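Engineer: kindly return the folded structure for what I paste below:
(chains A and B)
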2 protein chains.
Amino acid sequence: MINVSIQFTESGQPKYMQLFDYLKKLIAEGQLKTGEKLPAIRSFAEMLGVNNVTVINAYKQLENNKYITAKKGSGYYVSGSKLHEEELFSSSDIGISDKTSIINFASATPHPSIFPIESFKECINEVIERDKGFAFGYQDSKGFKPLRKSLLTYLNNKYSIKMENEDNIQIVSGSQQGIDLIGKVLINSGDYVITENPTYDGAIAVFKSRGARVVRVNLEQDGIDLIDLEKKIRICKPKLIYVMTSFQNPTTISYSTNKLKDLLALARKYNTYIVEDDSMSDLCYENKRLETLKALDTKNEYVLYLKSFSKILMPGLRVGCMVIPDLLISDFTKIKHASDISSSGLIQRSLERYFETGKWDEHQNYMREIYKGKYEFMLSRLEKLSSYGIKYNKPNGGLYFWIRVPKYMSAREIYDECKAKGLLLIPSSIFYDINNENRDNYIRLSFASSDIEQIREGMTILEKCLAENQKCTK
Amino acid sequence: MINVSIQFTESGQPKYMQLFDYLKKLIAEGQLKTGEKLPAIRSFAEMLGVNNVTVINAYKQLENNKYITAKKGSGYYVSGSKLHEEELFSSSDIGISDKTSIINFASATPHPSIFPIESFKECINEVIERDKGFAFGYQDSKGFKPLRKSLLTYLNNKYSIKMENEDNIQIVSGSQQGIDLIGKVLINSGDYVITENPTYDGAIAVFKSRGARVVRVNLEQDGIDLIDLEKKIRICKPKLIYVMTSFQNPTTISYSTNKLKDLLALARKYNTYIVEDDSMSDLCYENKRLETLKALDTKNEYVLYLKSFSKILMPGLRVGCMVIPDLLISDFTKIKHASDISSSGLIQRSLERYFETGKWDEHQNYMREIYKGKYEFMLSRLEKLSSYGIKYNKPNGGLYFWIRVPKYMSAREIYDECKAKGLLLIPSSIFYDINNENRDNYIRLSFASSDIEQIREGMTILEKCLAENQKCTK
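Structural biologist: The predicted structure follows:
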């Protein structure tokens, strides 16, 4: 039994809130430890001289805030504090910092100053002129049909992704919503999901919120470890496998053609869906054909392909698209409907204009040139830091570098120190699960939202931090 | 064992799809009946001379499409066919008909021809001029802060809904998403949810997709039956109670002040959250103060208040707001983030201009006058149909009438016959659960998206159908 010495006050704050605050403090201070059982409701209420309901409410609030976990028929237990830290700290929170004085190597989206505002504004006004009120009415839950037709042509021409008609395309409010819808259609509580290791934390958040058990498979230089993957598929019978095949987030790894083929063969062999989250394949800085797993899935059977427009165009549009297997089409329409009826009609119609008038292609080429210049500049600065013992790939595409810091350094400490000096980056803990040995070994640096001057300045800050960490250990 | 005589062809369609189609047909034709067990995978595969995987895949597709249900460790069973019909047929599908030649008494949103396009377009262009790229960047997951501040003032002035600051306001991509987020925050698989009976099917869809068990409580003339509600709260310990207190969908009932107070007292007594879905309270055609449950919840403890702008402004904006209890604020920010990062920044910023420049108030008054005229006209036509034995309330607000057809008539048949004659309406089956005795007794007529001429024409069609049904039974 814990040693409780709470004094309820007549402050106007309800008693259960006072008890909630008090217990929260005990947990934070470590007086109530991870895994420890909380007192039974009735006896605790008696001891404190309060109603059962007061204790119930306090526990409920602790549970809502993830301080404690209920085990059915057994009681309440203090949650792991690491878990709590994990949840408070996610890649996108870091990326969306409002502080403009800070150099941002965390965000992987372009800076608003280079958005194609004027040309998109033209599209918006054209659409309002043309469609009047219908631009603001409900849309088909699948998405605005002409936009889906444009994307059909685009995906076919650029990616060799084939489909009979636009029914396989589902418009989503950004690819995060795509992942959310996939979770709703394919995952029930207790189901298994396999992801790459490390992987995007925003996908993990969705899978966990569906009650999925997430199993991770390590990445090799040319994609996921297929031997381990097959072993885990046999054991877990996963509902889906979540991968990023081009300039993976965060490792920057791209899959080889052979690996793509073998991965699809596994999907076929075990009749498992694969989610291919593609926000990066447009951003290849060599003259190479864009390769996706979806292009190999010629009968639209196994791959759910997610395409984001955020990295090239503007993240605030909140429109992306999916290509879904034939058999899942109607499920997705229903789930999209139950989730938010449809995505913004105005934005969908404007985006269709943007594609049809050739603006997308033009802007994509422009952005690729811009990013390529920044990529090369950051790479040149990185090469100067090699004496500090850091290691990284040269992806020649995408929006970041994934940097292994020397064994004796802590990625989290480098993150903290850089932040104190005005540089945001992302430490690897976010992309790994709690027990992974690499959790504190990497940092992710994105050049997406900084200009050349900021990259120079940011790399100087990083160098200082690396130098200081090196000195400390000498 | 079923009698199977499938001939696999070399049509290029995979075998499992051929088997899927074949079994689907058997179910549709009633040769496989509700509750019947499907053959075990291995023996069925042997019998058909195919791989186990072929049968597994066919069953999986049947399951995905809700034709069959898996029971753990037991096998696959044919689902209830009524359930299947239910899922294929939802209020919003009917409402979003694209066929313009049809008179639409189903849709409860204004017709695009009366949307305030010009004034909203002004706001959009102002915002793009002012904010440039930032109008298209990521937004705070809670929502654009100045919009939340505007709504804080608005909700306080118009509804006496008080809160300390805008942190209690969560912007959502339409109120359907609000319900979806509530489901994610409050409901886990197996939890109980209480709703009014009848209720909005789009909310039920969300609760069920979270694995909730839905319990319904009948409505009385002044709101939910509190005695039955309390009984069910005691038994089920629900995670939330979902209500519409103003011009309820579909019954048009509004809660009395006393009932609102008693309902909140119950929430307090049993420490239960109440979701108040409010899309209608603005649309009162008398000079009355707008009453909401949320206004009584002065400490922001029990009521999650959902406000839609779709009925007054434009449904395609996909922006609504919620007022959430203090203790749930951070949960909602996280869940919104995992669902779609944030709602469209451009639309949020434009809506903020729309409120701040007084356009909302102006347009609301305009819409109320328009709707009031249509309400009165539809009512006058209804009164002429009284000889057919129909019954209805006069809500003096909202967007529809809820009409009880004579006992010997079938609402579903009236729906079918009206549809054949070019009039869409909504039959009551959508709003009730399968076993409810009133399931086939009501129709919902909305005057939202029709003009006076269309209402006249639609009511003539309805009269014909009522007359024909009357004759048939004489």
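
Engineer: tell me where the stretch 101-250 of chain A has strands.
Structural biologist: Using DSSP state E, counting those that start in this stretch, the strands found in the stretch 101-250 of chain A span residues A:103-104, A:169-172, A:192-197, A:213-220, A:223-224, A:240-243.

Engineer: so what's the gap between the fourth one and the chain middle?
Structural biologist: This means strand A:213-220. Using C-alpha atoms, centre = their mean, to the nearest Å, the distance from the centre of strand A:213-220 to the centre of the chain it belongs to is 15 Å.

Engineer: what's the angle between the helix or strand where A:I347 lies and helix B:345-356?
Structural biologist: When elements are assigned from DSSP states H and E, A:I347 belongs to helix A:345-356. Orientation check (axes from the mean of the first three to the mean of the last three C-alpha atoms, to 10 degrees): helix A:345-356 against helix B:345-356 gives 140 degrees.

Engineer: what packs against helix A:345-356?
Structural biologist: helix A:117-131, helix A:145-159, helix B:345-356 (3 or more C-beta pairs under 8 Å, 6 or more residues apart in numbering or on different chains; DSSP states H and E). Any C-beta I mention is one placed from the backbone N, CA and C, and that applies to glycine too.

Engineer: most tightly surrounded among the ones you listed?
Structural biologist: Ranked by mean neighbour count, the helices and strands packed on helix A:345-356 are led by helix B:345-356 with a mean of 24 (mean count of other C-beta atoms under 10 Å in any protein chain shown).

Engineer: after that one comes which helix or strand?
Structural biologist: Past helix B:345-356, heading to the C-terminal end, the next element that is a helix or strand (DSSP H and E) is helix B:359-383.

Engineer: chain B is nearest to which of the strands of the stretch 101-250 of chain A?
Structural biologist: The minimum distance between chain B and these falls on strand A:169-172, with 8.1 Å, by C-beta to the nearest C-beta.

Engineer: which neighbouring elements make contact with the closest one?
Structural biologist: helix A:145-159, helix A:175-186, strand A:320-323, helix A:329-340.

Engineer: try it again with 10 Å
Structural biologist: Helices and strands in packing contact with strand A:169-172 are listed as helix A:145-159, helix A:175-186, strand A:303-308, strand A:320-323, helix A:329-340, helix A:345-356; criterion 3 or more C-beta pairs under 10 Å, 6 or more residues apart in numbering or on different chains; DSSP states H and E.

Engineer: give the pairing partners of that strand; include direction for each.
Structural biologist: In the sheet containing strand A:169-172, the strands it pairs with under DSSP bridges are strand A:320-323 (antiparallel).

Engineer: in the partner strand, which residues are buried?
Structural biologist: With burial defined by 16 or more other C-beta atoms under 10 Å in any protein chain shown, the residues of strand A:320-323 counted as buried are A:320-323.

Engineer: and what of stretch A:212-227?
Structural biologist: Going by neighbour count (16+ other C-beta under 10 Å), the buried part of stretch A:212-227 is A:212, A:214-217, A:219, A:223-226.

Engineer: can you pull the contacts of A:Q177?
Structural biologist: Remark: with contacts taken as C-beta atoms under 10 Å, 6 or more residues apart in numbering or on different chains, A:Q177 is in contact with A:171, A:206, A:306, A:318-320, A:322, A:336, A:339-340, A:343, B:173, B:177, B:338-341.
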